[in-house]
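Visitor: can't give you the sequence, but here's the structure:
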């Protein structure tokens, strides 16, 4: 039996174990996703688009003969890179925004790296969308039309390895942006050395102990089940798009800016999205643009969706890390240095976010008490699958490096790594040891059985012949908690009180499964407790339509759950004021004399009997009371809470197979909004965490640049039978700003898993494997058996 | 697999069922050759369905595509189209099958049940929707894989009304949930089994 979480403060709605609000809709198959909303049954004159994909990692299209394709019955349009409306499109990227705000073309986040052409004439990886797109009466006809295109390719030399790509004479991926393939410094990401605190070199020279650690993180893919899909319909009214992009307002802005349409002529409609995990970056994908152009040409709705193979379209940014720590014999860390080489793949997109932003936030918070810290990152273009936002962007790679460094340093110092971490890390607003970190690590240590199970590396008992067990952990700051408060754009919410006491809740966000919808309903009910409201009285629409909705709060940074709820607290106060004003008018009195409690209007001085609110509102003339609110987050400096994952593994030293026995996932949430949803994130994140640690890997044929396993048979996502027992632990130690003081947890549940598992493997076998994923052959190699 | 003729038929509004010309399509090579004109009869969610292959529907149409596109049963999800994820699972004569790996023709003479064919108060659906027992999270997040899991669980529980946790883990290991709610799903299936045993009706 798992130990349930106990809230710090008992509240009526927040912090409890409950079913999800959308549980029945989803479990019964009634929830509709983009592909379901865009069947031909609903759009009888629908056309389907298929795009040409490069068979070569680097090639230029010299010409395309479309005659045979166009002659195929059922083909309605072939659009190529030589058509004027395609050539007129501005270069772009899929890194317009990290989701914290809506941005224009000019202000796109990674504007230095506008390296993507929509339907360009040059391919930069095998699978690149280039050259031509076909609209036809069926996907099969469109696919056949692509086969009938006569494309003259000029094959160009290519490079797959990031280190090789930096060598003089290596083929340049985007020569105009990065002649030597190294992404130049830019104003958003900052200089290559993006953090340089104190005097790192002097500190290393003076350090009593110095350890170094090298690690290699790879590019797992997000693997959401819902294949990417959009339907564009361009009419005289403008352009309407149905899609499973998780950014509604940004999708509208992207299409408006790329296609030169005013915003009110672009409508973006979203219902349920089948998993996100960062895929599609934040939606600024070229396929929206060419699908829209096809619809304009054909005058009919055009649907474009990816096959599963095509969904392997972006991935976590692979990164090679070198880390170094200097310390005193007593365990005081005096210097830290992290250098990374990131593989951007064919397009830069959010590579610099992963390499610079995330590590900077970690370093500024967690390493606040270390006097000398230097971080340096370089990113390199290669002719491979582009890196992309993926759950825990940048944090997973950095955690993989820092968790190794501290494990090695603790071993060298003869310290327990938990003790080492507590001695050195926290955040800038609190001394050491940090309370949140201490509680998180002590809870994790207790649940995994740290004291009993930890032994010197490789010195545990042999089980059943050649099997050895070990435990390990890794920790990370939930830095989003404070960062979102300080940096997020405006949050928009609305509340409408119907005369019968029911409530329409507007907290638009594209529902990707995170549970923020439930958090908002709970937060809203809590804030409206003066109405004596029940959860069933609140209607929340899991649908965003830019023609009607407020600006959506984007599902990034695990932040929606608390950002919108905090805004709803303020909206509830405004609503209360409106209610009192309305009631005062009906009762011919001064609003200051009134209050609303438990669904009744009461006179503060008890001079008159209270009146049920519903009775007042149902009198003529009957109108709902609405408030809408747009405000930035609270901008409070709260410091950050901590998260950690503890792992117990069993390694078969004969076969090299690793079995994770148990994972303990600990999150300090500040305030647990929705306990069942939070635990679902903690348990659920391990599917990605364990997969990228042990089984998932994109394999290339080095000679041709062909990725070999873009399918779920050969790219092994963990199934139910592969998962260990997972124990979720929710804590409330730190406190965020605002009425509820919560923070998001979704992304971080993935971040620590690979490093925790690998540290446990080292504890088990006494040899290190520090390149992901850890497949059996790597274990055998580390043991000197292969 | 689909033919331009099918496409041409679909493009001609208004949408009714015109009599297509019987000439086989020449432009797209059919991947699977079945005799055109063969009629099939089967049931979907209790209703009889008749189609003539190569006339009403392309001969090589997949069952999943037919259920979604022709009947609008969008509870059938297609996530991989390769039989690797289980999202498209339906019941064929009570057994769980992957509808993306079956031709429509293979449904001939069989009874197909999709999630839309389950009653609104189906105990398995309810157990998935309601799972909130501490320590395991919910049984779903994004919900895309859920109908497939529900159908696989239906078949599992029909065969084994009192599975152990390990039997559930093995029995549902053909379905992928990238949100990773496996632990909540296992709880939901065990709970559904309990409710079914107590309540009787399957």
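Guide: All right, it came through fine. Worth saying up front: this structure is predicted, and the values here are computed from it rather than measured.
Visitor: give me the buried positions along stretch A:101-112.
Guide: A:101-103, A:105, A:108-112 (16 or more other Cβ atoms under 10 Å in any protein chain shown). Where C-beta positions appear, they are placed from N, C-alpha and C, glycine not excepted.
Visitor: which one of those residues is nearest residue A:586?
Guide: Using Cβ to Cβ, residue A:102 is the member of the buried residues of stretch A:101-112 that sits closest to residue A:586, with 40.4 Å.
Visitor: does the longest helix anywhere in chain B reach chain A?
Guide: Assignment by DSSP state H gives helix B:182-199 as the longest helix of chain B. Yes: using Cβ under 8 Å from any Cβ of the partner chain, helix B:182-199 reaches chain A at B:182-186.
Visitor: pLDDT on that helix, on average?
Guide: Mean pLDDT, helix B:182-199: 97.
Visitor: tell me how many other residues crowd the residue in the stretch 151-300 of chain A positioned nearest to chain B.
Guide: Nearest residue of the stretch 151-300 of chain A to chain B: residue A:274, at 2.9 Å (Cβ to the nearest Cβ). Per other Cβ atoms under 10 Å in any protein chain shown, the neighbour tally for residue A:274 reads 29.
Visitor: isn't it right next to residue A:222, touching?
Guide: No: using Cβ atoms under 8 Å, residue A:274 makes no contact with residue A:222, being 11.4 Å away.
Visitor: end-to-end on stretch A:460-479?
Guide: Using Cα to Cα, to the nearest Å, the span of stretch A:460-479 from its first residue to its last is 36 Å.
Visitor: quick check: buried residues in that stretch?
Guide: Neighbour-count burial for stretch A:460-479 flags A:460, A:467-479 (criterion: 16+ other Cβ under 10 Å).
Visitor: next: stretch A:715-723.
Guide: Across stretch A:715-723, burial judged by 16+ other Cβ under 10 Å covers A:715-720, A:722-723.
Visitor: state the pLDDT value of residue A:288.
Guide: 97.
Visitor: wondering if the stretch of helix or strand it belongs to reaches chain B at all.
Guide: If you go by DSSP states H and E, residue A:288 is part of helix A:286-298. No: Helix A:286-298 is not in contact with chain B by Cβ under 8 Å from any Cβ; minimum separation 10.9 Å.
Visitor: thinking again about what came up before, need the contact list for the residue of the stretch 151-300 of chain A closest to chain B.
Guide: A:33, A:224-226, A:244, A:512-513, B:77, B:79, B:142-145 (Cβ atoms under 8 Å, 6 or more residues apart in numbering or on different chains).
Visitor: what do you get if the cut-off is 7 Å, keeping everything else the same?
Guide: Contact analysis of residue A:274 by Cβ atoms under 7 Å, 6 or more residues apart in numbering or on different chains lists A:33, A:224-226, B:142, B:144.
Visitor: ok, which pair from those is furthest apart?
Guide: Farthest pair in the contacts of residue A:274 (Cβ to Cβ) is A:33 and A:224. Separation: 10.6 Å.
Visitor: more crowded one of those two?
Guide: residue A:224 (26 against 23).
Visitor: give me the distance between that one and residue B:80.
Guide: Distance of residue A:224 to residue B:80, given as Cβ to Cβ, to the nearest Å: 12 Å.
Visitor: where do the contact lists of those two overlap?
Guide: Counting by Cβ under 7 Å, 6+ apart, residue A:224 and residue B:80 have no common neighbour.
Visitor: quick check: residue A:261 touching residue A:235?
Guide: No: applying Cβ atoms under 7 Å, one finds residue A:261 not in contact with residue A:235, separated by 11.9 Å.
Visitor: more neighbours, the two?
Guide: A count of neighbours by other Cβ under 10 Å puts residue A:261 above the other of residue A:261 and residue A:235, at 16 against 13.
Visitor: and the more buried one, what helix or strand is that in?
Guide: Judged by DSSP H and E, residue A:261 forms part of no helix or strand.
Visitor: from residue A:253, how far out is it?
Guide: 11 Å.
Visitor: where does the stretch 351-500 of chain A have low pLDDT?
Guide: Along the stretch 351-500 of chain A, the model assigns pLDDT under 70 to residues A:485.
Visitor: buried ones in stretch A:342-355, by neighbour count?
Guide: Buried residues in stretch A:342-355, counted by 16+ other Cβ under 10 Å: A:342-355.
Visitor: how about those residues in CSV, adding distance to residue A:316 and secondary structure?
Guide: Compiled in CSV, the buried residues of stretch A:342-355 are given as follows (distance: Cβ to Cβ, whole Å; DSSP: H, G, I helix; E, B strand; the rest coil):
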residue, distance to residue A:316, secondary structure
A:342, 10, strand
A:343, 10, strand
A:344, 12, strand
A:345, 11, strand
A:346, 15, coil
A:347, 14, coil
A:348, 15, coil
A:349, 12, coil
A:350, 11, coil
A:351, 11, helix
A:352, 14, helix
A:353, 12, helix
A:354, 8, helix
A:355, 12, helix
